[in-house]
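Undergrad: sharing a sequence plus its predicted fold:
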Amino acid sequence: MDTLQLLFNAVTVVFIAATMFAAGLGATLSALRAVFANVLLLVLVLLANLVAVPLLGWGLAALFGLPTAAYIALLLIASSPGGPLGAKLGMVQKGDVVAGAAMQVLLAAVGSITFGPTANVMLKAAGVGGGVALDVPALMLTVAVLQLVPFAVGLTVRHYASPTALSWHPVAVGASNVTFLIVLAGMLLGNWRDVVALIGSLSPLAGFVFSAIAFGLGTAMATGPRALRTTMGGVTAVRNVGPALAAVGLAFGDEPAVLGALAAVLLSGLAAAIPIAAVLSRRRSGTTADHPARRPPA
């Protein structure tokens, strides 16, 4: 692994930790309890992410007639919920950040268990692969260390030292924003050859359409105020690339064609989800928001 790759990985870790820490600083225990007490919302979010979106990915891969590598990439992405960028989209769109962060961590944890079986079923049914077996404890440990722990630390600071949390929050958000831009730039620069190679194919379009529809599905299948529902849409649209990358290595020998297609699908999906969140943010600018108690402190 070269120096640039190590640096990119380090910035990615900082981005994930800073995003979750900022979300924790902006949360309250009462708001968090309210999220997990909403059983109907939990069930609907799980159904959207674990059932509806994987089926959407399979359907789009077949509809677009994607080549094998892109077909595999889209099915792997669709099977992997709980991407860390989902929590970031909650911030970008000025949505329900606490609910977004809580659901994203929950989906990442559950997805570490469901990813393998879901991907295997669809890959075998589609006749494009199978044999995906992942180290579930290792994936769950990654979720805990990178996402749950920073969120819990931020929440603890907010609960026991609210003035400190108020002063730290802008710094944490700033760190999240800067590293987010670096991660996006790194993904583009590191995978531009693979993405360019797929220009003219339907793979980037499939990733774009997948993410846009997933955003709509997540919003439509959620309950509650609009800010909460669109936040669930953002969480649903952004998938967790970690398990997908691990599967490419374990089941497909890090085949370059699959890795390139994975990068193209992921980046084209972000090209759909980020503008949607930005539009929502502009519409909400200057308003008092739907859940003032759940908004991060100014």
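TA: It's in.

Undergrad: relative to Val235, how far out is the spatially most central residue of the chain?
TA: The centre of the chain sits closest to Gly83, judged by Cα atoms, centre = their mean, with a distance of 2.3 Å. With distances taken as Cβ to Cβ, to the nearest Å, Gly83 is found 8 Å from Val235. All C-beta spots, glycine's among them, are computed from the backbone N, C-alpha and C.

Undergrad: shared neighbours of those two, anything?
TA: By Cβ atoms under 8 Å, 6 or more residues apart in numbering, Gly83 and Val235 have these common neighbours: Gln104.

Undergrad: for the protein, name the helix or strand with the lowest mean pLDDT.
TA: helix 136-143 (a mean of 74; mean pLDDT, DSSP states H and E).

Undergrad: give me the buried positions along the helix or strand where Thr156 lies.
TA: Assigned by DSSP states H and E, Thr156 belongs to helix 149-160. If you call a residue buried by 16 or more other Cβ atoms under 10 Å, then helix 149-160 has these buried ones: 150-152, 154-155, 157-158.

Undergrad: with those in mind, which one is nearest to Ala27?
TA: Leu155 (5.2 Å; Cβ to Cβ).

Undergrad: surely that closest one and Ser30 touch.
TA: No. Using Cβ atoms under 8 Å, Leu155 makes no contact with Ser30, being 11.4 Å away.

Undergrad: so how far is Pro225 from Leu202?
TA: 37 Å.

Undergrad: what do you get for Phe180?
TA: To Pro225, Phe180 is 26 Å away according to Cβ to Cβ.

Undergrad: pick out whichever of the two has more residues nearby.
TA: Neighbour count, other Cβ atoms under 10 Å: between Phe180 and Pro225, Phe180 has more, with 22 against 15.

Undergrad: re earlier: beyond the helix holding Thr156, next helix or strand please.
TA: helix 162-197.

Undergrad: quick one: list the elements packing against that following helix.
TA: On a contact count with 3 or more Cβ pairs under 8 Å, 6 or more residues apart in numbering; DSSP states H and E, helix 162-197 meets helix 3-25, helix 85-92, helix 149-160, helix 256-284.

Undergrad: closest to Ala78 out of the ones you listed?
TA: helix 256-284 (9.3 Å).

Undergrad: can you name every helix or strand that that closest one contacts?
TA: helix 68-78, helix 85-92, helix 162-197, helix 203-220, helix 226-237, helix 241-252.
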